[in-house]
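# Fold the following, please.
(one chain, ligands or ions: 1)
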Amino acid sequence: MPKTLEGQITMEKTPSYFVTREAPARIAAMSRDTKLIVVVRDPVTRAISDYTQTLSKKPDIPSFESLTFKNRTTGLIDTSWSAVQIGIYAKHLDNWLQYFPMEQILFVSGERLISDPAGELGRVQDFLGLKRIITDKHFYFNQTKGFPCLKKAEGSSKPHCLGKTKGRTHPNIDPEVVQRLRDFYRPFNMKFYQMTERFFGWDD
Ligand SMILES: Nc1ncnc2c1ncn2[C@@H]1O[C@H](COP(=O)(O)OS(=O)(=O)O)[C@@H](OP(=O)(O)O)[C@H]1O
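Residues are numbered from 1 along each chain as shown. Presented below is the predicted three-dimensional model:
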C-alpha cells in the first residue's frame, strides 16, 4: 500500500474482513489507528440478498429454505451456512473489540443508506473528521432503479446509479422460514444494538 501523505486518507474496501477471524489482529499489527466502517443491514434480508447473489451465478443451488436448516423438522438452523453466519454481527464485533475500541468502528445502517443516503454519509464524514461535503444535494431518487443515485458521478456531469448487481429482486421465501430466522437473530441483534449503542430497528 503506498504511503499516505499529509492531508490524504487511504481507504480500502473488503466486505469479508468483518467476518474473517484473523483480520482484526492483522490490521491492528499494520496500524492500531485504522478506522473501520461496516455497513450492516437486517441479517434476514442480508441472508436472502447473499443467496440471491449466489443464485445469479449458480442457478442450480438448493432452495434458500433447504439451505437455512440443518434439520427442517426440528427447525435447527444451519449456522455454518455463510449466508446465516455473516449476519451474527455481535459475534463478529466481539472479535474486533479484542483489537480496536468501539470509537474506531462505525456501523452504517444499510436501510438508512437507502432511505437517507446523505444522513448516513454525514455520519461517515464526521467519523472520518471530514467536512460535510456530501449532502442531500448530491442525490436523487431514481424511480426505475428504485434506489438513490448520484446526480453527478465523480469527474463526470452525468448521473450515476450503482450497477445491475446491486438492488436485485429477491425471491419469495416461505414466511415461516423468514420468521424462524427472525427469532434466531433477535438475541444477537439485541446484543449488537447494546454494543453499538444504536437501535437498527430490525426486530418487530
Ligand atoms: N443506492 C443504492 N443502489 C443500489 N443498491 C443499494 C443502494 N444503497 C444500498 N444498496 C444495497 O446494496 C446491496 C448490495 O451491496 P452488497 O454489499 O451486497 O454488495 S457487494 O456485492 O458485497 O459488493 C443491495 O442489496 P440487494 O438489494 O440485495 O441487491 C442494495 O439493497
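
# So for the lowest-mean-pLDDT helix or strand in the chain, what gets flagged as buried?
Across the helices and strands of the chain, mean confidence by mean pLDDT, DSSP states H and E is lowest for strand 69-71: a mean of 93. Residues Phe69 are the ones in strand 69-71 that count as buried (16 or more other Cβ atoms under 10 Å). For every residue, glycine as well, the C-beta is placed using N, CA and C.

# Downstream of it, the next helix or strand is which one?
For strand 69-71, the succeeding helix or strand toward the C-terminus, using DSSP states H and E, is strand 76-77.

# which residues sit against that next one?
Thr68, Phe69, Lys70, Val84, Arg180, Leu181, Phe184 (Cβ atoms under 8 Å, 6 or more residues apart in numbering).

# ditto for stretch 145-163
Ile114, Pro117, Lys137, His138, Phe139, Tyr140, Phe141, Asn142, Lys166, Gly167.

# End to end on that stretch, go ahead and measure it.
9 Å (Cα to Cα, to the nearest Å).

# buried stuff in that stretch?
Phe147, Pro148, Cys149, Leu150, Cys161.

# Next up, phi/psi of the second one, please.
If I follow you right, that is Pro148. Main-chain dihedrals, Pro148, degrees, to the nearest 10: phi -70, psi 150.

# Please renumber the chain so that the first residue is 41 from this point on.
Okay, using 41 as the starting number, the last item reads as Pro188.

# How much space separates it from Ile174?
12 Å (Cβ to Cβ, to the nearest Å).

# Does Leu95 touch Ile101 like I think?
Yes: taking contacts as Cβ atoms under 8 Å, Leu95 lies within contact range of Ile101: 6.1 Å.

# The two: who's more crowded?
Leu95 (16 against 12; other Cβ atoms under 10 Å).

# How is the more buried one assigned, secondary-structure-wise?
For Leu95, the assignment made with DSSP: H, G, I helix; E, B strand; the rest coil gives helix.

# Buried ones from the contacts of strand 116-117, can you make that a ChimeraX selection?
The buried residues among the contacts of strand 116-117 can be selected in ChimeraX (16+ other Cβ under 10 Å) with this line:
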select :108,109,124,220,221,224
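
# Show me the contact partners of stretch 49-69.
41-42, 44, 74, 76, 78, 125-126, 132, 135-136, 138-140, 168, 170.

# For the closest residue to Lys75 other than its chain neighbours, give me its contacts.
Spatial nearest neighbour of Lys75, chain neighbours left out: Gln144 (5.4 Å); criterion: Cβ to Cβ, 6 or more residues apart in numbering. Taking Cβ under 8 Å, 6+ apart as the contact definition, Gln144 lies against Asp73, Thr74, Lys75, Leu76.

# coming back round to it: want to throw the contacts of strand 116-117 into a markdown table with distance to the ligand?
What follows is the contacts of strand 116-117, written out as a markdown table (distance: Cβ to the nearest ligand atom, whole Å):
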| residue | distance to the ligand |
| --- | --- |
| Thr108 | 17 |
| Phe109 | 22 |
| Lys110 | 25 |
| Val124 | 16 |
| Arg220 | 20 |
| Leu221 | 15 |
| Phe224 | 20 |
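
# Now the two most distant members of the contacts of strand 116-117.
Lys110 and Leu221 (13.4 Å; Cβ to Cβ).
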